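Colleague: missing the sequence, but the structure's below:
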């Protein structure tokens, strides 16, 4: 027998460091619907400067919609979005040039050649790292004379990344940027991303399903579920505080045992697998003895956490 | 059976008005055929004409839709080819077998030959719907008939009397069907997408298939597109070089235009005019050498050709929405209205381009028709072309999003512009160049500018949209 039970969402933990810094992004009560389907239901979210934020959520959770709303590419129904301390009611001129964006689908200009497209874009930017763009084109084997329409999906994704990184933006927003990349390109991209992050005040928000990349970037994890940001926490803190508690006994379980900090319980054969925040080993040990079960406390991977919480 | 039904419904979904009309034509043809015992041979002729035209156009519509459906992925569906055969059989039954059987039952003369010709027309329609170059065959027939009309009539009569006519028609139909099926079931790479606002077409033909994919081009079409593309790349490089040398608002606008309207650079415009001149010369000299055209009608046709650009613009702007998100971030406008204004300012260049094109087409028409009042036609084209272009740009920019609404707007603007051209031609003739010209300018330019300013305000008021259109 296997059953699952969801505990209430995790409350967002106060983050003193974030309070001390002015957030790059501040969202309050953001609502967005498509026709009658409400996708975002009152998002409240602060993103501090100088962090890499991994936005996690299941397919259809609204990650793409949220990112597009943040940049003013999709109108919002209610709420406010502040970027760099100013409301996004209007794009605000040069503020947009402080943002790099890699969309999920690469609807660039298929009739343009790679070189012409980058030259065109660079012409409008006061800051454009030509050397970086040239190096990335060479490293990622993008032919400047090729038409964008002739590029494969992965190559288009690389080009979109080059275009987003070359202006050395203060905020980089990436919507599943590595979905079509091969492992080499993915690693190279992550290396570039980390290099970019070395400069002070740079912030990255990226949605992805590849949790290994978030671990490599030591990202803060923001979880989008049911149209709301359930929590934003540093990865280290998540690892430290979230544990999988396994209670096993021969006769199995008819219901999940009551445990303080329980987030989700799964009953599987003789085992009760509990995802617990800040587990208390002593009280768990006492519970195991009371129930005649063997106790095991494990460290879940980020992917496990995502599967359990998303 | 459900899959076959869905395939049969394709033309109704794609072009409901045309499909309903063609089904009504079939019904009218069947009624005419059924009334032969009472009304005589004239009704049989009427039925043959109606059903013949109906099967040709319906098959063409079906061919266009099947071209969109027959993608490599669809060919992997279980029983896909069998279902295609099913729709073919249904088509054959409705348009060929039933009318032929009815004709034979009623003792209509040449019923069997008519049936074979219906099959031939259906096969031709299907083939030309999936491969547009086959329409050139009709041209070839017109050219031949135009050279020797007497001979053409004799050949037609001899064929009708010959016992070989039916087998010959059936053989040709089979060959065309084979060609159509080969094209439909042939797996090939998709064409590279071009700018939705591109302007490499010379007539009113479609740029995209029913599925929204770029229309397939033949070898000559691909070569011409390459030349257009070369001019676009050169124009962009020039614009970038000028911008780098001395950035200015004007040069920034040129850059945006080179991106949005890649084929509206001076070289491409000149190339388009030359190609149209060549085609028109061929058409007039070879195909229609025996006919005499009314100069004013040719002038109105030039207006119609000039305005063909704008429906594509409206459709293209919708298709380009996701691409424009990148341009939005690149331009970094201070306000959304600024961004919208940049777009309208960039697109306004289409007005002088359209006027230039229309005047050039009119001049070409003047030469070929030996028009008696060339200056009158040119002035008329200049004034009406300007006003109509402003109106067309305005309504296609802010007009309805639905296909039907767009079609209605297109027809209204085109017919309105043609009617205005004829009115203007008459006015210039009655009141003279000075007074007539001033009156015409007041009406056309006044109306055009007023509509454009209103549309521009409305467009700037709207929030930019970067979501892909749902249709």
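Modeller: Nice, I can see it. Predicted model, so just to flag it, every value in this text is computed and none were measured. Numbering: from 1, shown residues only, chains lettered A, B, ... in the order given.

Colleague: Surely residue A:88 is in contact with residue A:70?
Modeller: Yes: counting by Cβ atoms under 8 Å, residue A:88 touches residue A:70, with 7.4 Å between them. To be clear about C-beta, it is placed using only N, CA and C from the backbone, and glycine gets the same treatment.

Colleague: and for those two, which residues touch both?
Modeller: The contact sets of residue A:88 and residue A:70 overlap at residue A:81 (Cβ atoms under 8 Å, 6 or more residues apart in numbering or on different chains).

Colleague: show me the residues around residue B:282 that make contact.
Modeller: Counted by Cβ under 8 Å, 6+ apart, residue B:282 has zero contacts.

Colleague: What distance do you get for it to chain A?
Modeller: Going from residue B:282 to chain A by Cβ to the nearest Cβ, to the nearest Å gives 29 Å.

Colleague: That residue sits in which helix or strand?
Modeller: Per DSSP states H and E: residue B:282 is located in helix B:266-282.

Colleague: What segments of the stretch 1-150 of chain B are helices?
Modeller: Under the criterion DSSP state H, counting those that start in this stretch, the stretch 1-150 of chain B contains helices at B:2-14, B:16-34, B:36-39, B:41-69, B:72-75, B:80-92, B:98-105, B:111-130, B:135-147, B:149-161.

Colleague: Those: which one's closest to residue B:424?
Modeller: Smallest distance to residue B:424 across the helices of the stretch 1-150 of chain B (Cβ to Cβ): 30.8 Å, for helix B:16-34.

Colleague: Which elements pack onto the helix or strand that residue A:43 is a member of?
Modeller: According to DSSP H and E, residue A:43 maps onto strand A:37-48. Contacts defined by 3 or more Cβ pairs under 8 Å, 6 or more residues apart in numbering or on different chains; DSSP states H and E place strand A:37-48 against helix A:16-20, strand A:23-34, helix A:63-70, strand A:203-207, strand A:228-234.

Colleague: Spell out which strands sit alongside the second one in the sheet and which way each one runs.
Modeller: By that I understand strand A:23-34. strand A:37-48 (antiparallel), strand A:78-83 (antiparallel) (DSSP bridges).

Colleague: buried residues in that strand?
Modeller: For strand A:23-34, the buried set under the neighbour-count rule, 16 or more other Cβ atoms under 10 Å in any protein chain shown, comprises A:23-27, A:30-32.

Colleague: Among the residues you listed, which one lies nearest to residue B:238?
Modeller: Using Cβ to Cβ, those come closest to residue B:238 at residue A:24, 39.3 Å.

Colleague: Now do the contacts for that closest one.
Modeller: So residue A:24 contacts A:47-49, A:83-84, A:170-171, A:203 (Cβ under 8 Å, 6+ apart).

Colleague: Say whether chain A is contacted by stretch B:227-238.
Modeller: Yes: against chain A, stretch B:227-238 shows contacts by Cβ under 8 Å from any Cβ of the partner chain at B:229, B:232-233, B:236-237.

Colleague: Reformat these as a markdown table; add pLDDT and neighbour count.
Modeller: Output for those, formatted as a markdown table (pLDDT from 0 to 100; neighbours: other Cβ atoms under 10 Å in any protein chain shown):
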| residue | pLDDT | neighbour count |
| --- | --- | --- |
| B:229 | 87 | 20 |
| B:232 | 91 | 27 |
| B:233 | 91 | 20 |
| B:236 | 93 | 23 |
| B:237 | 93 | 15 |
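
Colleague: What residue, apart from its backbone neighbours, is nearest residue 252 spatially?
Modeller: Since you didn't name a chain, this refers to chain A. What sits nearest to residue A:252 in space, not counting adjacent residues and going by Cβ to Cβ, 6 or more residues apart in numbering or on different chains, is residue A:270, at 5.0 Å.

Colleague: um, chain B though
Modeller: Closest residue to residue B:252 apart from its sequence neighbours, by Cβ to Cβ, 6+ apart: residue B:243 at 6.9 Å.

Colleague: on that earlier part again, how about JSON lines for the contacts of residue A:24, with distance to residue B:172, pLDDT and neighbour count added?
Modeller: Formatted as JSON lines, those follow (distance: Cβ to Cβ, whole Å; pLDDT from 0 to 100; neighbours: other Cβ atoms under 10 Å in any protein chain shown):
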{"residue": "A:47", "distance to residue B:172": "70", "pLDDT": "92", "neighbour count": "22"}
{"residue": "A:48", "distance to residue B:172": "75", "pLDDT": "91", "neighbour count": "19"}
{"residue": "A:49", "distance to residue B:172": "74", "pLDDT": "90", "neighbour count": "17"}
{"residue": "A:83", "distance to residue B:172": "67", "pLDDT": "93", "neighbour count": "25"}
{"residue": "A:84", "distance to residue B:172": "71", "pLDDT": "92", "neighbour count": "18"}
{"residue": "A:170", "distance to residue B:172": "69", "pLDDT": "93", "neighbour count": "20"}
{"residue": "A:171", "distance to residue B:172": "66", "pLDDT": "94", "neighbour count": "22"}
{"residue": "A:203", "distance to residue B:172": "69", "pLDDT": "93", "neighbour count": "22"}
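
Colleague: got JSON lines for those residues, with distance to residue A:116 too?
Modeller: Formatted as JSON lines, the contacts of residue A:24 follow (distance: Cβ to Cβ, whole Å):
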{"residue": "A:47", "distance to residue A:116": "34"}
{"residue": "A:48", "distance to residue A:116": "38"}
{"residue": "A:49", "distance to residue A:116": "34"}
{"residue": "A:83", "distance to residue A:116": "30"}
{"residue": "A:84", "distance to residue A:116": "31"}
{"residue": "A:170", "distance to residue A:116": "27"}
{"residue": "A:171", "distance to residue A:116": "27"}
{"residue": "A:203", "distance to residue A:116": "30"}
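
Colleague: In chain A, what helix or strand scores lowest on average pLDDT?
Modeller: In chain A, no helix or strand scores lower on mean pLDDT, DSSP states H and E than strand A:2-6, which sits at a mean of 43.

Colleague: got the buried residues for stretch B:430-441?
Modeller: B:436-437, B:440-441.

Colleague: What of stretch B:345-353?
Modeller: B:346-348, B:350-351, B:353.

Colleague: For the closest residue to residue B:37 other than its chain neighbours, grab phi and psi.
Modeller: Nearest non-adjacent residue to residue B:37, counting by Cβ to Cβ, 6+ apart: residue B:106, 6.1 Å away. In terms of degrees, to the nearest 10, the main-chain angles of residue B:106 are phi -90, psi 0.

Colleague: ok, residue B:106 touching residue B:36?
Modeller: Yes: at 5.1 Å, residue B:106 counts as touching residue B:36 under the criterion of Cβ under 8 Å.

Colleague: quick one, which of these two is more surrounded?
Modeller: Taking neighbours as other Cβ atoms under 10 Å in any protein chain shown, residue B:106 and residue B:36 compare with residue B:36 leading, 21 against 15.

Colleague: isn't that one right next to residue B:111, touching?
Modeller: No: applying Cβ under 8 Å, one finds residue B:36 not in contact with residue B:111, separated by 9.9 Å.

Colleague: Spit out the residues that contact these two alike.
Modeller: Common neighbours of residue B:36 and residue B:111 (criterion: Cβ under 8 Å, 6+ apart): residue B:103.

Colleague: Now do the phi/psi pair for the residue of the stretch 351-471 of chain B found nearest chain A.
Modeller: Proximity of the stretch 351-471 of chain B to chain A (Cβ to the nearest Cβ) peaks at residue B:466, 4.8 Å away. Main-chain dihedrals, residue B:466, degrees, to the nearest 10: phi -120, psi 10.

Colleague: and if you look at residue A:267?
Modeller: phi -100, psi 120.
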